[in-house]
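S.K.: structure, please.
(4 chains)
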Protein chains: 2
Amino acid sequence: MSPKRADAERNKTALLEAAAAAFVESGVDVAVRDIAGRAGVGVGTIYRHFPTRADLIVAVYQHQVEACAEAGPALLAAGGSPHAALGEWIMMFVDFLVTKHGLAGALQSDDAAFQTLHGYFVERLLPVCAQLLDAAAAAGEITPGMDPLTLMRGVGNLCIGAENDPRYDARHMVELVIKGLLI
Amino acid sequence: MSPKRADAERNKTALLEAAAAAFVESGVDVAVRDIAGRAGVGVGTIYRHFPTRADLIVAVYQHQVEACAEAGPALLAAGGSPHAALGEWIMMFVDFLVTKHGLAGALQSDDAAFQTLHGYFVERLLPVCAQLLDAAAAAGEITPGMDPLTLMRGVGNLCIGAENDPRYDARHMVELVIKGLLI
DNA sequence: TGACGATACGGAACGTCGTTCCGTTTAACA
DNA sequence: TGTTAAACGGAACGACGTTCCGTATCGTCA
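M.R.: Modelled structure (predicted):
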């Protein structure tokens, strides 16, 4: 499964570090050549390790997405109300998204290359969101029937551009949504 | 003020029609050459009449934005509660946005060329939104202090991608926001 | 250790796009 | 109808994502 050759492994690591730095500095839409330059490799090497930009983005942020996914059940078990847990979890997701320049935008792009990215987030986080919604609905705190995908996509959309314009308060919008979920 | 030469006027009209058709078919991100081809002109002619893509988009949708702006005071004067008027007005805005492929996305783009577009929407619709918010706050229906720009941008963001994925219900998300505004 | 085959590398090359620029055309008017 | 200024068209340019292949390097085995 892991690459056989040592140089391949080295380049993959260098690319992940270079991409992470480039994403922070220039957003996830940074030019492929920039990432390759930072890592000291040719552009061909990028495409060999990460066939699409989405693969690279997923690899860079995998750990943080995983942490977010695991936080869901933990918040639910912490003892507060399910609706409060849902609210806190969503805010964690928002905090993650708004600090990644352009990630929220890439998440909703209809470009075929980003389907992998969208798919990964949905696959990993949607069940967590659904579990929190179910718990809150079972507790009679929110109106049942809220679609988890719509909620997650909506929250993701609300984060778009939040880092560019200080006048736009994405967190406030998300708080309105969470409040609007209540019975 | 109006162009002196008849061919210039003709081309401008042809471009507006071609752009409107192209936007419907391929979204507001359609290639410049496509629009020029539809209108039977060279690409240079596009840039002469509409220096930026935003100028063209604004020109195409100006009438509908104007209608939306004028609907605000009308809804307020119709006699219902201010919060209901605000909700209806926002839904009008949503109905407008979700039928224009990619317009919501372009609205929040941080590309400098789209500042004109963003600026036009803000300039024309923000005061209307502010008036509705003030009326609802004065009536004690919503918590005061909601920033109109945040609300408008948030609603616009919620509409992004709504036309591409039938599983995502942008209107439901906006309804949650409107409900969340209530005291 | 040295040579060989497989694997991975680098960057030139290609197509697409937005944008600019200028030689050519054409409308307006005297 | 001749003159002139305005407008036109599309070639040209640079940036970008992506592909491709000649070359370099790694791992292995005699």
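S.K.: point out where chain A drops to low pLDDT.
M.R.: Applying pLDDT under 70 to chain A flags the ranges A:1-3.
S.K.: would you list every one of the helices in it?
M.R.: Counting by DSSP state H, chain A has helices at residues A:6-26, A:32-39, A:43-49, A:53-77, A:82-98, A:103-108, A:115-138, A:148-158, A:170-181.
S.K.: what does chain A have sitting close to DNA strand D?
M.R.: Selection of chain A residues close to DNA strand D by C-beta under 7 Å from any atom of the strand yields A:4-7, A:29, A:31-33, A:43-44, A:47, A:51-53, A:113. No exception for glycine: its C-beta is placed from N, CA and C like everyone else's.
S.K.: of all the helices of chain A, which lies closest to DNA strand C?
M.R.: With C-beta to the nearest atom of the strand as the measure, helix A:43-49 is the member of the helices of chain A nearest DNA strand C (2.0 Å).
S.K.: that older thread, redo the helices of chain A as JSON lines? Include mean neighbour count and distance to chain B.
M.R.: Output for the helices of chain A, formatted as JSON lines (neighbours: other C-beta atoms under 10 Å in any protein chain shown; distance: least, C-beta to the nearest C-beta, whole Å):
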{"stretch": "helix A:6-26", "mean neighbour count": "16", "distance to chain B": "12"}
{"stretch": "helix A:32-39", "mean neighbour count": "18", "distance to chain B": "18"}
{"stretch": "helix A:43-49", "mean neighbour count": "16", "distance to chain B": "24"}
{"stretch": "helix A:53-77", "mean neighbour count": "17", "distance to chain B": "16"}
{"stretch": "helix A:82-98", "mean neighbour count": "20", "distance to chain B": "12"}
{"stretch": "helix A:103-108", "mean neighbour count": "24", "distance to chain B": "4"}
{"stretch": "helix A:115-138", "mean neighbour count": "18", "distance to chain B": "9"}
{"stretch": "helix A:148-158", "mean neighbour count": "23", "distance to chain B": "4"}
{"stretch": "helix A:170-181", "mean neighbour count": "21", "distance to chain B": "3"}
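S.K.: how about the ones you listed in CSV, adding distance to B:Met91?
M.R.: Below are the helices of chain A laid out as CSV (distance: least, C-beta to C-beta, whole Å):
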stretch, distance to B:Met91
helix A:6-26, 36
helix A:32-39, 41
helix A:43-49, 45
helix A:53-77, 32
helix A:82-98, 24
helix A:103-108, 21
helix A:115-138, 24
helix A:148-158, 15
helix A:170-181, 14
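S.K.: just put those helices in CSV and tack on distance to DNA strand C.
M.R.: Formatted as CSV, the helices of chain A follow (distance: least, C-beta to the nearest atom of the strand, whole Å):
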stretch, distance to DNA strand C
helix A:6-26, 3
helix A:32-39, 7
helix A:43-49, 2
helix A:53-77, 14
helix A:82-98, 27
helix A:103-108, 17
helix A:115-138, 19
helix A:148-158, 23
helix A:170-181, 27
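S.K.: from chain B, how far off is A:Pro51?
M.R.: 23 Å (C-beta to the nearest C-beta, to the nearest Å).
S.K.: need phi/psi at that residue.
M.R.: Per-residue torsions, A:Pro51: phi -50, psi -40 (degrees, to the nearest 10).
S.K.: in contact with it, which residues?
M.R.: Residues near A:Pro51 by C-beta atoms under 8 Å, 6 or more residues apart in numbering or on different chains: none.
S.K.: how far away is it from A:Ser109?
M.R.: Using C-beta to C-beta, to the nearest Å, A:Pro51 is found at 17 Å from A:Ser109.
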